[in-house]
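K.L.:
okay, sequence plus prediction incoming.
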Amino acid sequence: MPIQLKDRLYFSVNEVLVDTGVSRQTLWRWRQDRKVPLGHRFRDRQLLFDEEEFHAIRSYANHVEPLPGGGQQLRLFRNGIAVSAEDDQEGRG
């Protein structure tokens, strides 16, 4: 349940994790890499995220983007044998 402080709602780390479905380690890595907001420290070093930060994390967690190269996937197997992308290119010649 969000905490209301100074007319703003704040969400705990656990609330963010449950909502987004990511692990604590993933959230920490995203924060370290500055992909999501860092949040705010509250009593006893509790980490809280305001509504805007919460929505930014949710948006990042659910972000989908197209693959580079027009969405072509690498061929990983040829006749049941694993091949590299270079081998696959040579085999097409």
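P.N.:
Here it is on my side, so go on.
K.L.:
quick check: buried residues in the helix or strand hosting Phe49?
P.N.:
Assigned by DSSP states H and E, Phe49 belongs to strand 46-50. Of all the residues in strand 46-50, those buried under the rule 16 or more other Cβ atoms under 10 Å are 47-50. For the C-beta atoms, the positions are set from N, CA and C on the backbone; glycine is no exception.
K.L.:
could you list the low-pLDDT ranges of the chain?
P.N.:
Applying pLDDT under 70 to the chain flags residues 69-93.
K.L.:
which stretches of it form strands?
P.N.:
Using DSSP state E, the strands of the chain run over 3-5, 8-12, 40-42, 46-50, 77-78, 81-82.
K.L.:
now render these as CSV, adding distance to Leu27.
P.N.:
Output for those, formatted as CSV (distance: least, Cβ to Cβ, whole Å):
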stretch, distance to Leu27
strand 3-5, 18
strand 8-12, 12
strand 40-42, 15
strand 46-50, 9
strand 77-78, 35
strand 81-82, 34
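K.L.:
what's the closest of these to Gly21?
P.N.:
Between Gly21 and the strands of the chain, the shortest gap by Cβ to Cβ is with strand 8-12, which sits at 14.7 Å.
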